[in-house]
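> Got a predicted structure here, sequence first:
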Amino acid sequence: MKILNCPINGPRPVQEFVFGGELREMPDPDAATDAEWTDYVYNRNGSPGPRREWWYHLASGTWFIAERDTGTNDVKKTYLYGDEIRDEVEHG
Amino acid sequence: MPYRLIKYGLSSKHPDKRMFREPSGLKESYEAVIIGAGGHGLAAAYYLARDYGITDVAVLEKGYIGAGGTGRNTAIIRSNYLTPEGVRFYDESIRLFKDLSNDFDLNLFYSERGHFTLAHSDSSIRTMRWRAEVNKHMGVDSEYVEPEDVKAACPPIDLTCGGDAPIMGALYHPPGAIARHDAVAWGYGAGADERGVEIHQGTEVTGIDVKSDRVVGVRTNKGYVKTEKVLSAVAGWTPSIADMVGLRTPLTVRPLQACVTEPLKPFLDKIMVSGSLHVYVSQSSRGELVMGGSTDPYELNSMRSTLEFAEGLSGHMLDLFPFLSNVKILRVWAGLCDMTPDFAPIMGRTPVDGFYIDAGWGTWGFKATPVSGKTMAQTVATDKEPELIDAFRLSRFEDLELTGEKGAASVGH
């Protein structure tokens, strides 16, 4: 059984979690061109490799970030969406 | 009817010839390169050679013939889709499937069973009626039926499904069939090979060279080949290939698991599908139950299997057929599904000249093998898509003209 480490509740079986997709940066809706906006809405990074993703712990209602390799399914670390990521996403 | 086996039995020439040659190495250049020797890639090679006389083609396969989705699906063929575009497309595929055994002189065990899609709620009844009407309008044999009709066609079924979600009706599609999926790829491969196409197994594409938005060559682990036309038919590996030409796609990749039980006496000649219970099942001619579920709950490019799947699927199977509780599962496997946001495939030209894409086939690829091969061959040969696949073009996402194919299998909707 796959175990994910919830940053609040510790190691829990993967069935307790919902996958929320890759962490992505939303372009400014007012400034983005149509092409940039449709790219954001539809296109995804589907090739295997390490990336940051949203996950949700159902039982406690916790959204958090997992660094996972989509080729091997190895989870490197999990943590709450914090200042570090917010800075990176909002200011590059 | 294919007579090859009878002829071989009466012939004094043994052993039989091999289905595929083993080409000694890659040539310096090819008129076209097809990446992926699954059903779709080999079908495209076959129709390119047969219908357009283009035989200077290399099919590059990193594993072996039919190693991916081709040999990992549950072999169901049907055309009872929801959109007119989907119905027209898959119906053409069924028409082609029916002639294939003769075309190849190879028995595909094409077996017309009749296909029930069970409805367990008012909203799914509404969808089944809608699909039935679209199908009838397009000349496809489908009808909405009552629970009694399901019971009459399949007596062992428990219409109450254990009480939680009783069967309230169903969409019945008499042409629904199953076929031997490996043989479809072998037949196409052998037909292409016979006409001069080279199939290179164990040859992995490591890069695609593009100059001023035109394909000029393909890098592989066995050397470099020059070509101006590349068709990508690699299903779950499409995002990696698309990255090589700098193309963004809306594809996400998830495993879809399936399993097979020990052989049982024949009791199920229909194909039973329940979208709500996420299960589809048919009984093979060997007596095994071939069962599939929904795609895994998160993205992954790995063909591993999980206990959660086997447990979940078995629970839902027992809702439908409680008497199976002592039956053992023999094998579980997974295939990679490249999913699009609108559950329709992506086919045709791309912004990179000479790079053609045949992707987005997660959960509905096997049944489309003949028609996708035929239409992609036409696209590669003439550099223009036939009207039949216009609704599946990659640019539909930029133009906001999605296809909305909710008749797809095993996806929650």
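On my side now, so go ahead.
> Going by C-alpha atoms from here, please, whenever you check contacts or count neighbours.
Fine.
> Okay, helices next: where are they in chain A?
A:34-42, A:83-91 (DSSP state H).
> which of those helices has the lowest average pLDDT?
Least confident of the helices of chain A, judged by mean pLDDT, is helix A:83-91 with a mean of 61.
> what's around whatever residue of chain A ends up closest to chain B, how many residues?
Closest residue of chain A to chain B, Cα to the nearest Cα: A:N43 (3.8 Å). Using other Cα atoms under 10 Å in any protein chain shown, the number of residues around A:N43 comes to 19.
> Quick check: the gap between the residue most central in space within chain A and B:Y30.
Nearest to the mean C-alpha position of chain A, counting by Cα atoms, centre = their mean, stands A:E53 at 1.8 Å. Distance, A:E53 to B:Y30, using Cα to Cα, to the nearest Å: 41 Å.
> How about B:S302: what's its closest non-neighbour residue?
Counting by Cα to Cα, 6 or more residues apart in numbering or on different chains, B:S302 lies nearest to A:G71, which is 6.0 Å off, once chain neighbours are set aside.
> oh, I was asking about B:A44
By the measure of Cα to Cα, 6+ apart, the closest residue to B:A44 outside its immediate chain neighbours is B:G373, 3.8 Å from it.
> On the three-state scheme, the one you found is what?
helix (DSSP: H, G, I helix; E, B strand; the rest coil).
> just checking, it touches B:R50?
No. Between B:G373 and B:R50 there is no contact under Cα atoms under 8 Å: 11.6 Å.
> who has more neighbours, those two?
Legend: neighbour count by other Cα under 10 Å for B:G373 and B:R50, higher for B:G373 (25 against 15).
> how about the more buried one, what does it touch?
By Cα atoms under 8 Å, 6 or more residues apart in numbering or on different chains, the contact set of B:G373 is B:H40, B:G41, B:L42, B:A43, B:A44, B:A45, B:Y46, B:Y47.
> now it: how far from B:G348?
11 Å.
> now swap in B:V134 and tell me
For B:V134 relative to B:G348 (Cα to Cα), the value is 25 Å.
> Could you check which of the two has the larger neighbour count?
More crowded of B:V134 and B:G348, by other Cα under 10 Å: B:G348, with 26 against 19.
> The strand or helix carrying the more buried one and chain A in contact?
In the assignment (DSSP states H and E), B:G348 maps to strand B:346-349. No. No part of strand B:346-349 sits near chain A under the criterion Cα under 8 Å from any Cα of the partner chain; the closest distance found is 12.8 Å.
> Now do that strand: distance to the chain's middle.
Mean-position distance between strand B:346-349 and its chain equals 16 Å (Cα atoms, centre = their mean, to the nearest Å).
> State which helix of chain B is the longest.
In chain B, assigned by DSSP H, the helix with the most residues is helix B:84-104.
> Give me the helices and strands touching that helix, please.
Applying 3 or more Cα pairs under 8 Å, 6 or more residues apart in numbering or on different chains; DSSP states H and E, we find helix B:84-104 packed against helix B:122-137, helix B:181-194, helix B:369-382.
> can you give me how far that helix is from the chain middle?
Distance of helix B:84-104 from its chain centroid, counting by Cα atoms, centre = their mean, is 12 Å.
> and the stretch 301-413 of chain B, which of its residues are near chain A?
So far as Cα under 8 Å from any Cα goes, the stretch 301-413 of chain B lies against chain A at B:N301, B:S302, B:T306, B:L307, B:E308, B:P341, B:F397, B:E398.
> Generate a PyMOL selection restricted to the buried subset of these.
To isolate the buried members of these in PyMOL, using 16 or more other Cα atoms under 10 Å in any protein chain shown:
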select buried, chain B and resi 301+302+341+397+398
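> Out of the residues of the stretch 301-413 of chain B next to chain A, list just those in helices.
Per DSSP H, those map to helices at B:L307, B:E308.
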